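Novice: following is a predicted model, sequence given first.
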Amino acid sequence: METILQVDQLTGGYSPKRPVLHELNFHLKAGEMVGLIGLNGAGKSTTIKHILGLMHPHQGEIKVAGVTLNESPQQYRSAFAYVPETPVLFDELTVEEHLRLSAMAYQVPEKDYESGAARLLEQYQMVPKRKAFASHLSKGMKQKVMIMSALLASPSLYIIDEPFLGLDPLGIRSLLEQLVEVKRGGAAILMSSHILSTVEAYCDRFIVMHQGRIAAQGDLDAIRAAAGLEAGSGSLEDAFYQLVTGGEH
Ligand SMILES: Nc1ncnc2c1ncn2[C@@H]1O[C@H](COP(=O)(O)OP(=O)(O)OP(=O)(O)O)[C@@H](O)[C@H]1O
């Protein structure tokens, strides 16, 4: 399968003198969902900011769809959609206008926009709110607008930061069902979350970050092995706990 995201020897952070991330290596292939997990401050958001191109590596390289940001900013940026933990919307635009803006930015053909937007508004119970201004939406509704915008763009790579906190149970179910669907369609998904049971149930592989480094990565058995657990025994949470505490209480 094609590699959609390649992170090589990434060292980075907010000040060149004090890197927060240390020599990260990982990749995502088309058609897989990977869970990025770690304690508060482990470096998940900083990693995501580097992938988004909001921060520049001190060392190492990030490629999205085969190019670095410098090589082709347009190709790099149009290959992913980002759903942040805290929704960022334009207060004076309506729900529908946000969807249209996303479709324009990602050059979605008009007829795909029409059918896609109608389907998403239905799936996320947002039909009655389609003409509402963003400033008049609840927090979870704002998050739904971000999610619908990303799904409408239909990129090769989805980067999703802690998506479950603001959503109601129907919204969570819709999102998970759609992530499975886009994954089947060949997209790659990097999802950061503290809800380890959901991460375990839905992700194909996991990246465990601890203190700015990758403590373990791979499928559940690989994470178990890194944590000193036997294959097939213990949940992701059990293995995670061992990895980040060394088993201490
Ligand atoms: N704007 C910033 N300036 C300086 N240091 C920062 C900044 N943002 C985060 N850090 C530091 O970078 C380190 C990694 O933080 P990061 O936000 O990446 O963690 P995280 O894994 O996303 O945590 P959480 O689960 O709490 O969201 C922490 O030590 C944090 O204090």
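Specialist: Now that the structure is in, tell me what you want to look at. Numbers count the residues shown, from 1 in each chain.
Novice: contact partners of stretch 106-123?
Specialist: 78, 81, 95-96, 99-100, 102-103, 126-127, 130, 148, 151-155, 174, 178 (CB atoms under 8 Å, 6 or more residues apart in numbering). Heads up, the C-betas are built off the backbone N, CA and C, glycines and all.
Novice: ugh, typo on my part, it should be stretch 182-194
Specialist: Contacts of stretch 182-194 (CB under 8 Å, 6+ apart): 4-5, 28-37, 44-45, 48, 51, 151, 154-164, 179, 199, 202-203.
Novice: could you do stretch 134-153 as well?
Specialist: Counting by CB under 8 Å, 6+ apart, 81-84, 87-95, 98-99, 101-103, 105-106, 108, 113, 116-117, 120-121, 124, 126, 129, 158, 160, 163, 166-168, 171, 175, 178, 182 sit against stretch 134-153.
Novice: which stretches of this structure form helices?
Specialist: 44-52, 73-78, 95-105, 110-123, 139-153, 169-184, 196-202, 220-226, 236-245 (DSSP state H).
Novice: tabulate the ones you listed in JSON lines, adding columns for mean pLDDT and distance to Y14.
Specialist: As requested, the helices of the chain are arranged in JSON lines below (pLDDT from 0 to 100; distance: least, CB to CB, whole Å):
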{"stretch": "helix 44-52", "mean pLDDT": "96", "distance to Y14": "8"}
{"stretch": "helix 73-78", "mean pLDDT": "93", "distance to Y14": "22"}
{"stretch": "helix 95-105", "mean pLDDT": "93", "distance to Y14": "28"}
{"stretch": "helix 110-123", "mean pLDDT": "93", "distance to Y14": "36"}
{"stretch": "helix 139-153", "mean pLDDT": "91", "distance to Y14": "25"}
{"stretch": "helix 169-184", "mean pLDDT": "89", "distance to Y14": "30"}
{"stretch": "helix 196-202", "mean pLDDT": "94", "distance to Y14": "26"}
{"stretch": "helix 220-226", "mean pLDDT": "96", "distance to Y14": "28"}
{"stretch": "helix 236-245", "mean pLDDT": "95", "distance to Y14": "22"}
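Novice: so which of the ones you listed gets nearest the ligand?
Specialist: Closest approach to the ligand among those (CB to the nearest ligand atom): helix 44-52, 3.2 Å.
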